[in-house]
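Colleague: What shape does this take:
(2 chains)
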Amino acid sequence: MVDAARHPNVEIRAYTEVERVEGFVGNFKVQLREKAKYVLADRCNGCGECAKACPIEVPNYFEMDLAPRKAAYVPMSQAVPLIYNIDMDACIHCYKCVDACGKLEAIDFAMEDKLVWEDVGAIILATGYSHFDPSLIPEYGYGRFPNVITAMEMERLNNSAGPTAGNLVRPGDNTNPKRMAFINCVGSRDKRFYPWCSNFCCMYSIKNAVLLKQMYPDSDITIYYMDIRTPSKGYEEFYDRAREMGVHFIQGRPSLITEDEATGNLFVHSEDVSLGKVIEHEYDMVMLNQAAIPQLDQNIMSQLTNASQSPGGWFMEYHPKLRPMDSPTDGVFLAGACQGPKDIPNSVAQGSAAAARAGRILHSDRWDIEPIVAHVWEDRCVSADGKKCGICAQACPYGSIIYEQGKAAEVVTAKCHGCGGCVAECPHNAITQLHYTDAQLLAQIHALLADKPEEKIVAFRCHWCSYGGADLAGTSHFEYTANERGLRVMCSARMDPDFIYEAFKLGAGGVLYSGCHPQDCHYITGQIVGATRADRLKRAFDKMEMTEGRFRIEWISAAEGDKYARVLNEMQDVLDNMPKEELMAEIEKLRPTMDKRSRRLREVPGVEAAYQFSEKMGKIIVKEIIV
Amino acid sequence: MSNHANTPETFADKVRSIPGGEHLEMCYACGTCVSKCMIQQKVEQEYNPRRLIRMVMMGMEEEAYENPTTWLCSACDLCYPACPQQIHISGVIGAVKDLAVEKGYTSPLETVSVNETLCSGCGICVMVCPYEAPHLIEKVVNGVNDRFSEVDINKCMGCGICVASCPTGAIARDGVSNPDIMKQIPRSVTKTDAPSMMVFICDWCLRADDDLAILESYPENIKTIHIPCSGRIDPQLALLSLRSGISGVLVCGCQPGECHYQRGTDVADCKMSILDRMFGQMDLADGRVRFVQIGTQDRGRIRKEIDQMLEHLTSLQEVC
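Modeller: Next up, the predicted model:
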């Protein structure tokens, strides 16, 4: 931290919050609230005279409320920058600190919060994690029994700079505990609270056990665990060392802790799974290893930076294996436990990786993005005529469409990832996606159904999942119908209803509408846009009395090659079980309706013109990116 | 769950198909249910829900049916809220029990039986039973069509709530019938300076061994009678104790929600509060009869309750 503060290219803004983030990769504008510290940073030398003079004491958050701090304080003694701060909620305005500060005149009670704008090229989110509150598990008695403590409290009690100067005492009666139990997985791996494994707690409790065993060799330490997970280099050896030192490990999740009121000792009730017997042991102190949980205000940061969250609330990475330090928004990177529970080596590795990724942006004069971006045909956008619409902006998972009534919608090209959701959603066909234009896709559909269309099954596959599923079905040699005709788009969100109408108009036997599972979507919420539309289509086809199974919606991941093959074979069965005349009659019956519904496509000033337009637009977009 | 329709149905599939038996594959054997439950500590060493779930998963059908876990679980659901995987364990055990009964196994528990000469067919036992074990049947006896209560022995857990509620004393089981308990109440107690006290204690509300030791540490004048559930307490037993000259009666049950027989403690609460109200109407409510509900975490509370009661009784004696 001190190194960072001394570095000429690093500026630390302590006690500052992000209020707004605007712009896009390479050109972010960030509004910061520099909170009033009531101490002038350029004058304070960190001598601490103000804290000595201050008569007010409040619980010290950094010491887990085990010690007091003054209203004039630094959060911890190693704080960087070492500038004191006055807690206005606690301050009684006695001004003793002003007198103590004397000639330095560093204290300014008239200070106010300042809002400043900064231009930045990239953003790294390293907001960390929070802790589960174990008092939510009443059977462990945290909060009621003074000698049940959390791992963080243990950390302070055991720290030579902590409130007890490293002398481990139990909070109940300030005596030195001899028998201690550590309980793992408190709130984690628990469907009632947080289902995930918190990753580092096993090592953390073993570390504490080894540390305490070294300091107090006569202490008796038991770790209650469900599974000990030591999956990194050297970790298993450390686990062995703890066993050799005489730390007891009991497999079994305690179900209850009771207290002997007279002595304050605790009884841990659990099953010893290895023995299959219920056991009850007495301890002087019990430490709970709480779950790591996302910061409680993580969603605020998520909204500010458009860095989406995974189902548990952690920041979501662009790709779990290939791009674990990138957020789905270009130019926003993730480091450390804000992306998921992580120990120190992993956090450092991710932080360095994120810094390198951000450095790439800062060192580039130009930034390449995929050329498959969306573009608005301004003359067709009804918003330009003053009508209310904004459907495209709602469909965009990246907030890259600026919608303002009276003006044509505008795509911020640098933010667009090319899912095509807006293109398919636009009711006026006013948006196109380069390289996936309506004209191109229609031409493909026409080509696929050129010959004996009633025998064909057109499969719309999303690039990231169901296309991979189809690929896997092929490479794994799963047999499926030869009548399948695949058509790739980037996301199920791009699958325009018009294409499906067009396919049925041309006489397709079946249409498969496939994409990722909702939680796997490459474009955050693209699948949801596609799924909503698909359900609507399904209802429309049901109303038209189309045979069940000719139009099918399936979410197939890249690992589900067998599912892809099975679904297509089932669709083929539907066609096989239908007499040909009946199928032809149904196709003919529905053709006029389909024709009517897909006619809108041709209202676009000539599909032919679209070909030329996309060529022309391609050049314009490239110019924009260079800017 | 198998994706292939043609694989034979496993034991686990059978259990899963019964409502309550779902999610058993989620068990990761943490042992919370085993230590939350008091049956292994108090009744049967072999009792272990975690192992039963394992048996189901491994297809050990016969062993599961014969395992005491299948029959001893009283569905108190103390374990369900504590299970980190949210498996409804008593539901799984219930499903195994249903399958076992289907296969012809019967409960090895000691269950209540109905004395038909005394039964009036009033149906109170049907109402109070937490397990729907008794039901009314119509039968022709001596040419007269009459209603009787009949007990499904595979459902009865032997809590004795019905025994306490039967107005004619027709339903009973060995050890907890009215005469069996009355035998333990002395006929008459000679009055001494120290107050005498009767403690009716439910078999399940004291978890720790040292709590049980507390009960035995008291002198002769404090007598303890163990009942299977506080729901077994009949207010008449309390009155009988007072009549024999005992100064006070303390009834201990589990905390609501922790009752081993689901609602026995609520039934007891109801009965004891009615008794209290009656005493109030007769101007006798001086705290001689008290009902306390002790939770699983209230270690050492029993000593406090008895001492407090003794103190109260001593002060009453001084007034006299």
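Colleague: Please pull out the lowest mean pLDDT helix or strand from chain B.
Modeller: helix B:209-217 (a mean of 86; mean pLDDT, DSSP states H and E).
Colleague: Please point out which parts of that helix sit buried.
Modeller: For helix B:209-217, the buried set under the neighbour-count rule, 16 or more other Cβ atoms under 10 Å in any protein chain shown, comprises B:211-212, B:214-215. Bear in mind the C-beta positions are built from the backbone N, C-alpha and C, glycine included.
Colleague: What residues does chain B have near chain A?
Modeller: Within reach of chain A by Cβ under 8 Å from any Cβ of the partner chain, chain B has these residues: B:28-36, B:40-41, B:45, B:48, B:50-51, B:79, B:81-82, B:84-86, B:207-209, B:296-297, B:299-300.
Colleague: of these, buried ones?
Modeller: If we count by 16+ other Cβ under 10 Å, the residues of chain B next to chain A have these buried: B:29-36, B:40-41, B:48, B:50-51, B:79, B:82, B:84-85, B:207-208, B:296-297, B:299-300.
Colleague: so of these, which ones are in helices?
Modeller: B:32-36, B:40-41, B:50-51 (DSSP state H).
Colleague: can you pull the contacts of the closest residue to chain A within the stretch 201-320 of chain B?
Modeller: When distances are taken as Cβ to the nearest Cβ, the stretch 201-320 of chain B reaches nearest to chain A at residue B:299, 4.0 Å away. Residues in contact with residue B:299 (Cβ atoms under 8 Å, 6 or more residues apart in numbering or on different chains) are A:258-261, A:267, B:207-208, B:211.
Colleague: Next, format the residues you listed as JSON lines and append distance to residue A:367.
Modeller: What follows is these, written out as JSON lines (distance: Cβ to Cβ, whole Å):
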{"residue": "A:258", "distance to residue A:367": "62"}
{"residue": "A:259", "distance to residue A:367": "61"}
{"residue": "A:260", "distance to residue A:367": "66"}
{"residue": "A:261", "distance to residue A:367": "66"}
{"residue": "A:267", "distance to residue A:367": "62"}
{"residue": "B:207", "distance to residue A:367": "65"}
{"residue": "B:208", "distance to residue A:367": "67"}
{"residue": "B:211", "distance to residue A:367": "71"}
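Colleague: From those, pick the one nearest residue A:421.
Modeller: Nearest to residue A:421 among the contacts of residue B:299, counting by Cβ to Cβ, is residue A:258 at 56.3 Å.
Colleague: From the structure, what's the count of residues near the closest residue to residue B:130 other than its chain neighbours?
Modeller: Distances taken as Cβ to Cβ, 6 or more residues apart in numbering or on different chains put residue B:262 closest to residue B:130, at 4.0 Å, once the chain neighbours are dropped. Residue B:262: 22 surrounding residues under other Cβ atoms under 10 Å in any protein chain shown.
Colleague: cool, and residue A:86?
Modeller: There are 25 residues near residue A:86, going by other Cβ under 10 Å.
Colleague: now residue A:363
Modeller: Using other Cβ under 10 Å, residue A:363 has 8 neighbouring residues.
Colleague: Roughly how far does the residue of chain B found nearest chain A sit from residue B:44?
Modeller: Per Cβ to the nearest Cβ, residue B:31 is where chain B lies closest to chain A, at 3.2 Å. Residue B:31 sits 16 Å away from residue B:44, going by Cβ to Cβ, to the nearest Å.
Colleague: which residues sit against the helix ranked longest in chain A?
Modeller: Determined from DSSP H, the single longest helix within chain A is helix A:580-603. Helix A:580-603 has contacts (Cβ under 8 Å, 6+ apart) with A:429, A:438, A:442, A:454, A:497-498, A:501-502, A:504-505, A:507, A:509, A:544, A:546-547, A:575, A:607.
Colleague: What does the pLDDT read for residue 280?
Modeller: Reading this off chain A. Confidence at residue A:280, expressed as pLDDT, is 92.
Colleague: hm, I was asking about chain B
Modeller: Reported pLDDT for residue B:280: 89.
Colleague: tell me the SS of it?
Modeller: Following DSSP: H, G, I helix; E, B strand; the rest coil, the label given to residue B:280 is helix.
Colleague: ok so, going back, can you say which of the contacts of helix A:580-603 are buried?
Modeller: Neighbour counting over the contacts of helix A:580-603 (16+ other Cβ under 10 Å) leaves A:429, A:438, A:442, A:454, A:497-498, A:501-502, A:504-505, A:507, A:509, A:546-547, A:575, A:607 as the buried ones.
Colleague: Just flag the most distant two among those.
Modeller: Going by Cβ to Cβ, the pair spanning the buried ones among the contacts of helix A:580-603 furthest: A:429 and A:575, at 31.3 Å.
Colleague: List the residues that contact residue B:67.
Modeller: By Cβ under 8 Å, 6+ apart, the contact list for residue B:67 reads B:46, B:51-52, B:55.
Colleague: how does it look with 7 Å?
Modeller: B:52, B:55 (Cβ atoms under 7 Å, 6 or more residues apart in numbering or on different chains).
Colleague: where's it relative to residue A:6, distance?
Modeller: Going from residue B:67 to residue A:6 by Cβ to Cβ gives 68 Å.
Colleague: got it, and residue B:179?
Modeller: 89 Å.
Colleague: Also residue A:193?
Modeller: The gap separating residue A:193 from residue A:6 is 42 Å, by Cβ to Cβ.
Colleague: And those two? Which one has more around it.
Modeller: Taking neighbours as other Cβ under 10 Å, residue A:193 and residue A:6 compare with residue A:193 leading, 18 against 9.
Colleague: Correct me if wrong: that one contacts residue A:132.
Modeller: Yes. The criterion here is Cβ atoms under 7 Å, and residue A:193 meets it with residue A:132 at 6.4 Å.
Colleague: what's the overlap in contacts for the two?
Modeller: Common neighbours of residue A:193 and residue A:132, counting by Cβ under 7 Å, 6+ apart, are A:187, A:291.
Colleague: Tell me the confidence at the closest residue to residue A:132 other than its chain neighbours?
Modeller: Leaving aside its chain neighbours, residue A:132 sits nearest to residue A:187 (3.5 Å; criterion: Cβ to Cβ, 6+ apart). Per-residue pLDDT puts residue A:187 at 95.
Colleague: Now do stretch B:141-148: everything it contacts.
Modeller: With Cβ under 7 Å, 6+ apart, stretch B:141-148 has contacts from B:114, B:116, B:119, B:121, B:136-139.
Colleague: again, only using 10 Å
Modeller: B:114-117, B:119-123, B:134-140, B:170 (Cβ atoms under 10 Å, 6 or more residues apart in numbering or on different chains).
Colleague: Could you tell me which of the residues you listed count as buried?
Modeller: Buried subset of the contacts of stretch B:141-148 (neighbour count, 16+ other Cβ under 10 Å): B:114, B:119, B:121-122, B:134, B:170.
Colleague: show me the contacts for the nearest residue to residue A:476 once chain neighbours are set aside.
Modeller: Leaving out its chain neighbours, the residue that sits closest to residue A:476 by Cβ to Cβ, 6+ apart is residue A:561, at 5.0 Å. Contact partners of residue A:561, counting by Cβ under 10 Å, 6+ apart, are A:468-478, A:480.
Colleague: do residue A:426 as well
Modeller: Residue A:426 touches A:374, A:376-377, A:380-382, A:389, A:391-392, A:395, A:409, A:432, A:496, counting by Cβ under 10 Å, 6+ apart.
Colleague: Figure out how far whichever helix or strand comes after the least confident helix or strand of chain B is from the centre of its chain.
Modeller: Along the chain past helix B:209-217, the next helix or strand (assigned with DSSP states H and E) turns out to be strand B:222-227. Centroid separation between strand B:222-227 and its chain, computed with Cα atoms, centre = their mean, to the nearest Å, is 16 Å.
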